[in-house]
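A.B. asks: Got a predicted structure here, sequence first:
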Amino acid sequence: MELTIKSFETPYKPTWCPGCGDFSIWLALRQAFVQLGLQPHEVYVVFDIGCSGNMCNFVNAYGAHGLHGRALPLAFGVRLANHGMPVVVIGGDGGSYGEGGNHFIHTIRANPNITYIVHNNQVYGLTIGQASPTSDKGAKVKMSPEGVIDEPINPLTLAIAAGCGHVSRGFSGDIPYLTQQIVSAMQFKGFSLVDVFQPCVTFNKVNTYQYFRERVYKLEDKAHDASNKVQAFERALEHGDRLPVGLFYKEEKQVYEDALPQLEKKSLVEQSHSYTPGVRDLTLVVESFM
Ligand code: SF4
Ligand code: MG
């Protein structure tokens, strides 16, 4: 059967609010799979909790829905079990940079071959509009009617500082460009981040499509050198009237799976059939340590 974006659809229709930026990411993700020639059974998607995570019902591929903020360790386990399969993680700014902030930093350090797509709408959408780790200081949201006091997290500078080898940002309002960002991230060998400006049309009345359209520009239009870490930091720190999208930083480095001699010849799932009877009985393993 011909591979199209419909190949990745399920019988269920999205329940997102009309106009939500999640629709564009859903489309860009499926377009990226088609461009990469992946069949639904050839890719694994792990979803975090949140409006973004509701996508688990709308994507036809291997997948799992993790606990809030814990999608990355789950995805890491999938990679170690079958490192021949591309793994993508879908999360929101709350789960990724709040509850899962620790996993974000330390998965970057390990550098498994995983692509992390973050729906960054600068608010907790599913729980109806609390401030998130990327809400702007002073932003007035439901639970902070006098304005957010905390400084926002900058996911891009955080990722670069932690050692991420492929750091990019897209915008829900530009689907072809976002598709390109996802394809490039998935082609990269190592941990890749695609942070996405994703307007929450219901609970964020500041960071709207219009807000981003007036500010977003593409890094390649400014002759940005993605191999230059200092320049990447400078661009990632831009915040306010000008908001860059594109590839901020790229650096090839050792991938975690390649450093494991156990995975050298075959993935773990391919090895399992060759286990001698009884070895997979965990009581025997435990007893050997007694
Ligand atoms: Fe999208 Fe916001 Fe609605 Fe969630 S609450 S579906 S993020 S518009
Ligand atoms: Mg959010």
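C.D. replies: It's in. Ligands and ions are numbered 1, 2, ... in the order given.
A.B. asks: First residue to last residue on stretch 223-234, what's the distance there?
C.D. replies: End-to-end span of stretch 223-234 (C-alpha to C-alpha, to the nearest Å): 13 Å.
A.B. asks: Could I get the full set of helices for the stretch 1-150 of the chain?
C.D. replies: 22-35, 71-81, 93-94, 101-110 (DSSP state H, counting those that start in this stretch).
A.B. asks: Who are the packing partners of the longest one?
C.D. replies: Okay, so that is helix 22-35. strand 87-92, strand 114-120, helix 175-187 (3 or more C-beta pairs under 8 Å, 6 or more residues apart in numbering; DSSP states H and E). The way it works is simple: take the backbone N, C-alpha and C, and place the C-beta from them, glycine included.
A.B. asks: TSV for the ones you listed, including mean pLDDT?
C.D. replies: Shown next, in TSV, are the helices and strands packed on helix 22-35 (pLDDT from 0 to 100):
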stretch	mean pLDDT
strand 87-92	98
strand 114-120	98
helix 175-187	98
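A.B. asks: Which one of the helices of the stretch 1-150 of the chain lies nearest to residue 46?
C.D. replies: Across the helices of the stretch 1-150 of the chain, residue 46 has its closest neighbour in helix 71-81 (4.2 Å, C-beta to C-beta).
A.B. asks: buried sites along that closest one?
C.D. replies: 71-76, 78-80 (16 or more other C-beta atoms under 10 Å).
A.B. asks: Next: stretch 161-179.
C.D. replies: By 16+ other C-beta under 10 Å, the buried positions in stretch 161-179 come out as 162, 164-175, 178-179.
A.B. asks: residues in the stretch 101-250 of the chain within reach of ligand 2, list them.
C.D. replies: Taking C-beta under 5 Å from the ion as the contact definition, the stretch 101-250 of the chain meets ligand 2 at residue 121.
A.B. asks: and the stretch 101-250 of the chain, which residues reach ligand 1?
C.D. replies: Contact residues (C-beta under 6 Å from any ligand atom) of the stretch 101-250 of the chain with ligand 1: 121, 125-126, 200-203.
A.B. asks: Restrict those residues to the buried ones and give me that as a PyMOL selection.
C.D. replies: The PyMOL command for the buried members of those (criterion: 16+ other C-beta under 10 Å) is given here:
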select buried, resi 121+125+126+200+201+202+203
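A.B. asks: ok, the residues of the stretch 101-250 of the chain next to ligand 1 vs residue 231, which is closest?
C.D. replies: Of these, the one sitting nearest to residue 231 (C-beta to C-beta) turns out to be residue 121, at 27.5 Å.
A.B. asks: Compute the distance between the nearest residue to the closest one once chain neighbours are set aside and residue 261, please.
C.D. replies: Nearest residue to residue 121 in three dimensions, chain neighbours excluded: residue 200, at 3.8 Å (C-beta to C-beta, 6 or more residues apart in numbering). Taking C-beta to C-beta, to the nearest Å as the measure, residue 200 falls 45 Å from residue 261.
A.B. asks: In helices only, show me the buried residues of stretch 161-179.
C.D. replies: Per DSSP state H, helices hold the following members of these: 162, 175, 178-179.
A.B. asks: Quick check: bridge partners of the single nearest residue of the stretch 51-200 of the chain relative to ligand 2?
C.D. replies: Closest to ligand 2 within the stretch 51-200 of the chain is residue 92: 3.9 Å, counting by C-beta to the ion. With DSSP bridges as the criterion, residue 92 is bridged to residue 119.
A.B. asks: What is the burial count for it?
C.D. replies: 32 (other C-beta atoms under 10 Å).
A.B. asks: repeat for residue 187
C.D. replies: Around residue 187 there are 14 residues (other C-beta under 10 Å).
A.B. asks: Show me the helices in the stretch 151-290 of the chain, by range?
C.D. replies: With DSSP H, counting those that start in this stretch as the criterion, the stretch 151-290 of the chain has helices spanning 155-162, 175-187, 209-215, 229-236, 268-271, 282-288.
A.B. asks: That's all I had, so thanks and see you.
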